[in-house]
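> model this:
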Amino acid sequence: MATIRDVAELAKVSTATVSRVINSNGYVNDETKKRVKEAIEQLNYLPNGVARSLFKGRSQMIALFVPDITNPFFPELARAVEDVTNQYGYTFVLCNTDNDNDKQMDYLSALQQKSVDGFIMVSSSMTGEHLQHIQVPIVALDRIISPDMSSVTVNNRSGSRQAVQYLKSVGCTRIAHIAGPEHVDNAVYRMRGYLDEVKDEDWFNSSYVVSGAYNFDAARKAAMNLLTRHPEIDGIFAGNDLMGAGVLNAAASLGKKVPDDLAVIGFDGITMGETVTPALTTMAQPIYEIGKSAAEILINQIGTSDSGVVTEEFNVQLIERQSTLRKAETYEQ
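Residues are numbered from 1 along each chain as shown. Next comes the predicted model:
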């Protein structure tokens, strides 16, 4: 098996020069670079994916950017992307970005140096302008980055309207909303869906909308304050299931019975919703399907050099569980 020293001897250069050519790190003149590449090819020296990409122009590597790996939604999403990328022979790289632009740009720079073939991005801080220099396909997932970029999302606004309509159908007459971050487009659409259904109600109060930051602890604190200030609230639509779990915790701390005193519905359909007590009713995203779709779109664009914009929007589905079901039964009686 050829070694880097064999390549250096054949190309009549140092091993350091061979390393610089392979890793695209440091200056090497074109003539020398050509000799090194020819030597690598002649000796079939392919120590890793980086060297292989030197000739094929591909690393067989796909990266997924997520903003918060501690949110159970994103590991479930990542599993789908990983399954599809592995099926097609790609290496899967998961990057936790904290929605920090500097961190995202650092990841982008490092992965481009490794000749990554494409990116799937869940980001609320990146824009088309930030990504205009990227030379490989990008697919936005869960939220839209730019109208000029392929994306896979769900019907956030109409799904949220359905959630509020459901709370009304089970007898709720004072419905509040624990909202996600203001800068996240899917959180904005979910809040708009809530407002579509309640803004013209006689009982609606703008203070019924509070931020839970898509976070368990923040949502728990917000719900504690909300329910203390407005004990008349008998239904809460949480913008994601993690916040829904925080609402359930707050209700228990305040001695409110769910669903008898307070009905709670979330959004996402993560596995956690089945394991909390009471189990959380939710507007479930087809999490595996949207991750799978994003990966397939990206792989197709990599394989065909297709720069066309593909936009897919999936529907969410109501899943009734104990956080509303008893109230539904009581109301129907």
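
> only C-alpha atoms for contact and neighbour calcs from this point on.
Will do.

> can you give me the helices in this structure?
Counting by DSSP state H, the chain has helices at residues 4-11, 15-23, 30-43, 49-56, 73-87, 101-113, 128-131, 156-169, 185-198, 216-229, 241-253, 272-275, 287-304, 322-332.

> Can you say which of the ones you listed is packed in most?
helix 241-253 (a mean of 25; mean count of other C-alpha atoms under 10 Å).

> Run through the stretch 151-300 of the chain and note the low-pLDDT ranges.
Within the stretch 151-300 of the chain, no stretch has pLDDT under 70.

> Format the helices of the chain as JSON lines; extra columns: distance to A63.
As requested, the helices of the chain are arranged in JSON lines below (distance: least, C-alpha to C-alpha, whole Å):
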{"stretch": "helix 4-11", "distance to A63": "28"}
{"stretch": "helix 15-23", "distance to A63": "19"}
{"stretch": "helix 30-43", "distance to A63": "27"}
{"stretch": "helix 49-56", "distance to A63": "14"}
{"stretch": "helix 73-87", "distance to A63": "9"}
{"stretch": "helix 101-113", "distance to A63": "8"}
{"stretch": "helix 128-131", "distance to A63": "14"}
{"stretch": "helix 156-169", "distance to A63": "25"}
{"stretch": "helix 185-198", "distance to A63": "22"}
{"stretch": "helix 216-229", "distance to A63": "27"}
{"stretch": "helix 241-253", "distance to A63": "25"}
{"stretch": "helix 272-275", "distance to A63": "26"}
{"stretch": "helix 287-304", "distance to A63": "10"}
{"stretch": "helix 322-332", "distance to A63": "37"}
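
> Geometric centre of this structure: which residue is closest?
Centroid-nearest residue in the chain: V122, 4.1 Å away (criterion: C-alpha atoms, centre = their mean).

> give the contact list for it.
L64, F65, V66, P67, A140, L141, D142, R143 (C-alpha atoms under 8 Å, 6 or more residues apart in numbering).

> Next one, pLDDT for it please.
Each residue has a pLDDT score; the one for V122 is 97.

> Any chance of JSON lines for the contacts of V122, columns pLDDT, distance to D117 and neighbour count?
JSON lines is the format used below for the contacts of V122 (pLDDT from 0 to 100; distance: C-alpha to C-alpha, whole Å; neighbours: other C-alpha atoms under 10 Å):
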{"residue": "L64", "pLDDT": "98", "distance to D117": "11", "neighbour count": "23"}
{"residue": "F65", "pLDDT": "98", "distance to D117": "14", "neighbour count": "25"}
{"residue": "V66", "pLDDT": "97", "distance to D117": "18", "neighbour count": "25"}
{"residue": "P67", "pLDDT": "96", "distance to D117": "21", "neighbour count": "19"}
{"residue": "A140", "pLDDT": "98", "distance to D117": "15", "neighbour count": "23"}
{"residue": "L141", "pLDDT": "98", "distance to D117": "17", "neighbour count": "26"}
{"residue": "D142", "pLDDT": "97", "distance to D117": "21", "neighbour count": "25"}
{"residue": "R143", "pLDDT": "95", "distance to D117": "21", "neighbour count": "19"}
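
> just curious, which of those residues is nearest to A251?
Comparing these against A251 with C-alpha to C-alpha places P67 closest, at 28.0 Å.

> and the gap between the closest residue to the closest one other than its chain neighbours and R5?
In space, and not counting its chain neighbours, P67 is closest to D98: 4.4 Å by C-alpha to C-alpha, 6 or more residues apart in numbering. According to C-alpha to C-alpha, to the nearest Å, D98 stands 42 Å off from R5.

> Good, wrapping up.
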